[in-house]
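Colleague: Sequence unavailable; structure follows:
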């Protein structure tokens, strides 16, 4: 396998990460809008994307091993490339790292927002349950006797 194939793979990975970032933004908007159908759809897409990323990670590890670079981090990749690929490797690795940072940030924001909303819902349910317990219930003694 050639290094060019691996760099192309990294470019595709960057595009996938960018798509996932956009999906996280849609998820954030669905959470803010309280749109459960849209949120459910985003979460289904997210699950599929997670499976895809796992497969890509396995493929990436295999490619690195084939290239003899299995212990080389993405950040250090350019320093292990032949001069003809050094510039391209630098650009692509930086793009992937930036895309990953954006995705991680969006993912953290959506998780925090969802957790916050879940806590709010839980508090509301607890409040309603407490109110229900406080409300007087109709007892048989409270019935009027209409016999004259």
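Modeller: Sure, I can see it. Keep in mind that what you see is a predicted model, and the values were worked out from it rather than measured.
Colleague: Could you name the helices and strands sitting against the helix or strand hosting residue 121?
Modeller: In this assignment (DSSP states H and E), residue 121 forms part of helix 83-134. Packing contacts for helix 83-134, counted by 3 or more Cβ pairs under 8 Å, 6 or more residues apart in numbering; DSSP states H and E, involve helix 3-33. Glycine gets a C-beta too; all of them are placed from N, C-alpha and C.
Colleague: For the most centrally placed residue in the chain, which non-adjacent residue is closest in space?
Modeller: Central residue check for the chain by Cα atoms, centre = their mean: the C-alpha nearest the mean position is that of residue 107, 4.3 Å away. In space, and not counting its chain neighbours, residue 107 is closest to residue 24: 5.4 Å by Cβ to Cβ, 6 or more residues apart in numbering.
Colleague: what's near enough to touch that neighbour?
Modeller: The contact partners of residue 24, by Cβ atoms under 8 Å, 6 or more residues apart in numbering, come to 46, 103, 106-107, 109-110.
Colleague: now those residues in TSV, with pLDDT and distance to residue 134?
Modeller: As requested, those are exported to TSV (pLDDT from 0 to 100; distance: Cβ to Cβ, whole Å):
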residue	pLDDT	distance to residue 134
46	92	41
103	95	47
106	94	42
107	93	41
109	94	38
110	92	36
